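Peer 1: Output the structure for:
(2 chains)
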Amino acid sequence: MQTLSGIPINYYIYLSAALFCIGVLGVMVRRNAIIMFMCIELMLNAVNLLMVAFSRYLGDSNGQVFVFFIMAVAAAEVAVGLAILIMIYRNAKTSDTEVLNQLKL
Amino acid sequence: MGITLYIFWFLSFVAILSALCVVFAKNPVHSVLNLIITFFAIAGHYLLLNAQFLAAVHIIVYAGAIMVLFLYVIMMLNLNKETEPHKKNYIKFISVIASGLLLLTFVAAFKGAEITGTASNNESIGLVENLGKVLFNEFLLPFEVSSILFLAAMVGAVYLSKKELH
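Peer 2: Presented below is the predicted three-dimensional model:
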């Protein structure tokens, strides 16, 4: 089995898959928009971890630069997303996604 | 084999356990604190993969900036209480089954996958020197464009959170 410093690459695949699925579970289970947001961060991190593992495995540093850009985009996304949430909270007085369903048909 | 494998198991255990705590914690502040533990475990994984630069950036950006922002918003909106209404039990049940099936699909898809390419013994790709060279030669344009993205995000955040003037 292919390993990197003693750890099989498959372990990283399974760990990232598990973290990603926990993020998906959080988005489906919770009603608080901020917690759903945090679960999306969790999914992004699962992908980042796998990207770093494969970049180390293939000896290609482009993957790590890509992770760096994903972190930058995630930071910008959080800033704008939380601003939107604050605005919604100011207007609707809630961050409950079952109440914020005015766009539903 | 040896100590790295034990560290890997320990960090994975901490990451998955605290990720589950993020999802199932009643109090949003506890979710944030558990997410910080998850991020530290992932930073430990980066160190294990010899990506020191990304480990440092990960702790600074996620634990230092993003989670403080989350905590700040939760405190400001006064959501730090356990009064959040929960979804109906059957929806929770269906969600757990659906994400379990997603995990099953991932595992089944990757189980038979043959990973091509040989493992590299190049230990130095994650160091600051090497990543800096790549970032400022091949990825100079994306690096500069991301600064425009940050400017746009900053303007957007300030505009959105300002009170309506009219």
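
Peer 1: check whether the lengthiest helix in chain A contacts chain B.
Peer 2: Using DSSP state H, we find that the single longest helix of chain A is helix A:62-92. Yes: contact between helix A:62-92 and chain B, assessed by Cβ under 8 Å from any Cβ of the partner chain, occurs at A:62, A:64-65, A:67-69, A:71-80, A:82-87, A:89-90. Glycine gets a C-beta too; all of them are placed from N, C-alpha and C.

Peer 1: residues touching the residue of chain A found nearest chain B, list them.
Peer 2: With Cβ to the nearest Cβ as the measure, A:Gly59 is the residue of chain A nearest to chain B, at 2.7 Å. A:Gly59 makes contacts with B:Ser120, B:Asn121, B:Asn122, B:Ile125, as judged by Cβ atoms under 8 Å, 6 or more residues apart in numbering or on different chains.

Peer 1: circling back: of the residues of helix A:62-92 next to chain B, buried ones?
Peer 2: A:64-65, A:67-69, A:71-72, A:74-80, A:82-83, A:85-87, A:89 (16 or more other Cβ atoms under 10 Å in any protein chain shown).

Peer 1: Check the secondary structure at B:Ser124 for me.
Peer 2: Of the three states, B:Ser124 takes coil under DSSP: H, G, I helix; E, B strand; the rest coil.

Peer 1: My guess is it contacts B:Leu131. True?
Peer 2: No: taking Cβ atoms under 8 Å as the definition, B:Ser124 is not a contact partner of B:Leu131, at 9.8 Å.

Peer 1: Among these two, which residue is more densely surrounded?
Peer 2: Using other Cβ atoms under 10 Å in any protein chain shown as the criterion, B:Ser124 and B:Leu131 rank with B:Leu131 on top: 22 against 11.

Peer 1: out of the contacts of A:Gly59, who's near chain A?
Peer 2: B:Ser120, B:Asn121, B:Asn122, B:Ile125.

Peer 1: May I ask which of the residues you listed has the most neighbours?
Peer 2: B:Ile125 (22 neighbours).

Peer 1: Let me see the contact set for that one.
Peer 2: A:Ser55, A:Arg56, A:Gly59, A:Asp60, A:Ser61, A:Gln64, B:Asn50, B:Ala51, B:Leu131 are the contacts of B:Ile125 under Cβ under 8 Å, 6+ apart.

Peer 1: Keep only those of those that are in helices.
Peer 2: Per DSSP H, the subset of the contacts of B:Ile125 in helices is A:Ser55, A:Arg56, A:Gln64, B:Leu131.

Peer 1: ok, so of the residues you listed, who is nearest A:Ile40?
Peer 2: A:Ile40 lies nearest to A:Gln64 out of the ones in helices among the contacts of B:Ile125, by Cβ to Cβ, at 21.8 Å.

Peer 1: Verify the stated contact: the closest one with A:Ala53.
Peer 2: No: contact between A:Gln64 and A:Ala53 fails when scored by Cβ under 8 Å: they sit 10.5 Å apart.

Peer 1: if we can go back for a sec, with the ones in helices among the contacts of B:Ile125 in mind, which one is nearest to B:Val14?
Peer 2: For the ones in helices among the contacts of B:Ile125, the nearest to B:Val14 is A:Arg56 (20.5 Å; Cβ to Cβ).

Peer 1: Tell me, how many residues neighbour the closest one?
Peer 2: 27.

Peer 1: Over to B:Phe143?
Peer 2: There are 15 residues near B:Phe143, going by other Cβ under 10 Å.

Peer 1: got it, and B:Ala15?
Peer 2: B:Ala15: 26 neighbours (other Cβ under 10 Å).

Peer 1: got it, and B:Val107?
Peer 2: By other Cβ under 10 Å, neighbour count at B:Val107 equals 15.

Peer 1: where in chain B is pLDDT low?
Peer 2: B:1, B:80-85, B:164-166 (pLDDT under 70).

Peer 1: Tell me which residue is most central in chain B.
Peer 2: B:Phe39 (5.9 Å; Cα atoms, centre = their mean).
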